[in-house]
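Asks: Give the three-dimensional model of this entry:
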Amino acid sequence: MDKRTIIQYLEERASDFYTLSDKIWENAEIRFQEKQSAQDYADFLKAEGFTTTVGIAGLKTAFRAEWGSGKPVIGFLGEYDALPGLSQKAGISVKEPLTTGGNGHGCGHNLLGVGALMGAVGFKHYLETTGKTGTVVFFGCPAEEGGSGKTFMAREGCFDRLDAAFSWHPDSHNMLPPGPVLANNVVRYSFTGKASHAAAAPEAGRSALDALELMNIGVQFLREHIPSTSRVHYAITDTGGISPNIVQAYASALYQMRAPYAPELADLYERVNNIAKGAAMMTDTQVEIKLLKGTSNTVLIPALDEVMYNNMCEIPNPVAQAEDIEFAREIVKTQTPADKISENAFNLAPLPWNKAGNIPIPGSSDTGDVSWVCPLSQCATSTWPIGTAAHSWQAVACGKSDFAHKGMLYAGQIIAATAIDVCENPEIIETAWKQLREKTGNHPYHCPIPSEVTPKLLESETT
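Replies: Presented below is the predicted three-dimensional model:
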């Protein structure tokens, strides 16, 4: 048996996976509330012969499904959380929610999770048919969107046994990441002062809102003096009330900080904290600093990425049918000026691989934490038209399309083929681990979420 047999096997079984993906799309459950989605995966995996445990690492909607024994132990990372407020009907090019204010899969996690599952099932079939040793572990990872599910799982040692891990992400292009996603922290800054009558006795008050405003101004000046690849965002979540004739005794904000590498983020975090403390000193108030969540940057492993990219180039790309192209053009028109629309509705050929891996991606993902624990490789495949933004109703509208299904199948085939190559060539894993140790400076993984921090359900707690 060779990889072509497994690629064909997954194609023959594609409709089973398309059905599951569409079911996840229809449920559209948000972070740490993906109860039905996790159960749907568990039922599917049990039917495939996996031993499945739902509820791991203290997360009720996280699960592990395992098959086989011995080395290599290969992990496959699935996600299935949706985004709030992005409910949208499928297959139409106008904004029309299924449920007003409801959830929607605006980042394609209905595809992501099932594509990773296809990789796991394909690799299992390979081991089962050839009689080779190996352990397949599929992880159901909740709450990537604003919850850092994998970070909590990494903190609890879920990925420690793995020799390597694989995943992917829906996109408008077929490619490997050109660089790492950014490490990030989400922090709540809460200022406490003293209330007083703003006209009769302003000298008796200590304004928490003044402190918060001074902090924000300080951070605005800081932006000039941080690397251009770093980011600082904020949202004022409590101004202390609506009465201007009261000195506000309480005010708070959520800050999110990003940097390409964990040490840079630690430095940025300390600098923002010092600004907050300075603002409190200037206003004679108190500040509470609470880290709510964080994720690490991804560590790119060329030894694995090269194998994955070669498979991406060798496996036939999805082909868009006429109805796919027509729908794609209508979707693109809703987001892109007419003079900017590409002649090609879809990107089909893989983009060149940036072997240097030195172009940071201005976003964050909890897959970064897995990449510090074991060698990780992931790709992106085209599941929506060029010009489509993730986290949009347009991405939701594409989530059940024929082309999205094909892109998911393509990703699953790439992942399965890469796992087979790693199994057939143990030296790849040896080199991958060597590269991981070199890139992390032989430092063990340090989880960015402190042990006392627990997962949060509320959107106001993390973003």
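
Asks: C-alpha only now, for contacts and for neighbours.
Replies: Noted.

Asks: center of the chain - which residue?
Replies: The residue lying closest to the centre of the chain (Cα atoms, centre = their mean) is residue 365, at 3.7 Å.

Asks: Quick check: it touching residue 181?
Replies: Yes: using Cα atoms under 8 Å, residue 365 is in contact with residue 181, at 6.7 Å.

Asks: so what sits against both of the two?
Replies: Common contacts of residue 365 and residue 181 (Cα atoms under 8 Å, 6 or more residues apart in numbering): residue 297.

Asks: Can you report how many residues lie near residue 427?
Replies: Per other Cα atoms under 10 Å, the neighbour tally for residue 427 reads 12.

Asks: For it, pull up the helix or strand it's in.
Replies: helix 426-439 (DSSP states H and E).

Asks: next one: residue 422
Replies: Secondary structure from DSSP H and E places residue 422 in helix 402-424.

Asks: now the angle between helix 426-439 and that helix, please.
Replies: Counting by axes from the mean of the first three to the mean of the last three Cα atoms, to 10 degrees, helix 402-424 points 100 degrees away from the direction of helix 426-439.

Asks: on contacts alone, who are the packing partners of helix 402-424?
Replies: helix 3-12, helix 109-130, strand 164-171, helix 302-314, strand 376-382 (3 or more Cα pairs under 8 Å, 6 or more residues apart in numbering; DSSP states H and E).

Asks: Could you list the buried residues of the helix holding residue 427?
Replies: By 16 or more other Cα atoms under 10 Å, the buried positions in helix 426-439 come out as 428-429, 432-433, 435-436.

Asks: Looking at these, spot the one nearest residue 240.
Replies: residue 436 (47.2 Å; Cα to Cα).

Asks: Now for that closest one: which residues touch it?
Replies: Per Cα under 8 Å, 6+ apart, neighbours of residue 436: 299, 301, 372, 374-375.

Asks: 7 Å instead?
Replies: Shown in contact with residue 436 (Cα atoms under 7 Å, 6 or more residues apart in numbering): 301, 375.

Asks: That one and residue 303: what is the separation?
Replies: Residue 436 sits 10 Å away from residue 303, taking Cα to Cα, to the nearest Å as the criterion.

Asks: repeat for residue 358
Replies: The spacing between residue 358 and residue 303, counted by Cα to Cα, is 16 Å.

Asks: Neighbour count for the two, which is higher?
Replies: The neighbour count for residue 358 versus residue 303, taken as other Cα under 10 Å, is higher for residue 303 (22 against 13).

Asks: Which of the residues in the helix holding residue 422 are classified as buried?
Replies: Residues of helix 402-424 classed as buried by neighbour count (16+ other Cα under 10 Å): 402-423.

Asks: secondary structure class for the residue of the chain most remote from its centre?
Replies: In the chain, residue 200 marks the outermost C-alpha relative to the chain mean, sitting 51.9 Å out by Cα atoms, centre = their mean. The three-state assignment at residue 200 reads coil, by DSSP: H, G, I helix; E, B strand; the rest coil.

Asks: what's near enough to touch it?
Replies: Residue 200 touches nothing, counting by Cα under 7 Å, 6+ apart.

Asks: For it, give me phi and psi.
Replies: phi -80, psi -40 (degrees, to the nearest 10).

Asks: which residues are contacting the helix or strand of the chain with the lowest mean pLDDT?
Replies: Every helix and strand of the chain was ranked by mean pLDDT, DSSP states H and E. The lowest is helix 322-333, at a mean of 92. By Cα under 7 Å, 6+ apart, the list of residues contacting helix 322-333 from outside reads 93, 345, 385, 387-388, 394, 403.

Asks: after it comes which helix or strand?
Replies: helix 367-373.

Asks: Can you give me the distance of residue 46 to residue 143?
Replies: From residue 46 over to residue 143 the distance is 23 Å, taken as Cα to Cα.

Asks: and these two? which has more neighbours close in?
Replies: residue 143 (27 against 14).

Asks: Helix, strand or coil: sort out the more buried one for me.
Replies: In three-state terms, and counting by three-state DSSP, residue 143 is coil.

Asks: swap in residue 137?
Replies: Classified using three-state DSSP, residue 137 is strand.

Asks: My understanding was that it contacts residue 76; is that so?
Replies: Yes: counting by Cα atoms under 7 Å, residue 76 is a contact partner of residue 137 at 6.3 Å.

Asks: neighbour-wise, which of those two wins?
Replies: Neighbour comparison, residue 137 and residue 76: the larger count goes to residue 76, with 29 against 26 (by other Cα under 10 Å).

Asks: how far does stretch 201-220 sit from the chain's center?
Replies: Offset of stretch 201-220 from its chain centre (Cα atoms, centre = their mean, to the nearest Å): 35 Å.

Asks: and it, which residues are buried?
Replies: Neighbour count says stretch 201-220 has 205-216, 218-219 buried, by 16+ other Cα under 10 Å.

Asks: Next, the distance between the ends of stretch 133-148.
Replies: End-to-end span of stretch 133-148 (Cα to Cα): 32 Å.

Asks: now it: mean pLDDT?
Replies: The predicted model gives stretch 133-148 an average pLDDT of 96.

Asks: and if you look at stretch 27-47?
Replies: Per-residue scores along stretch 27-47 average to 97.

Asks: which of the residues in that stretch are buried?
Replies: 27-35, 37-38, 41-42, 44-45.

Asks: Same check on stretch 288-304?
Replies: For stretch 288-304, using 16+ other Cα under 10 Å, the buried residues are 291-304.

Asks: Stretch 316-336 too?
Replies: For stretch 316-336, burial by neighbour count (16+ other Cα under 10 Å) applies to 317-318, 320, 324-325, 327-329, 331-332.

Asks: show me where pLDDT drops low in the stretch 101-250 of the chain?
Replies: Residues of the stretch 101-250 of the chain meeting the criterion pLDDT under 70: none.

Asks: Actually, the stretch 301-450 of the chain.
Replies: Along the stretch 301-450 of the chain, the parts satisfying pLDDT under 70 run over 339.

Asks: tell me which residues form a beta bridge with residue 250?
Replies: residue 192 (DSSP bridges).
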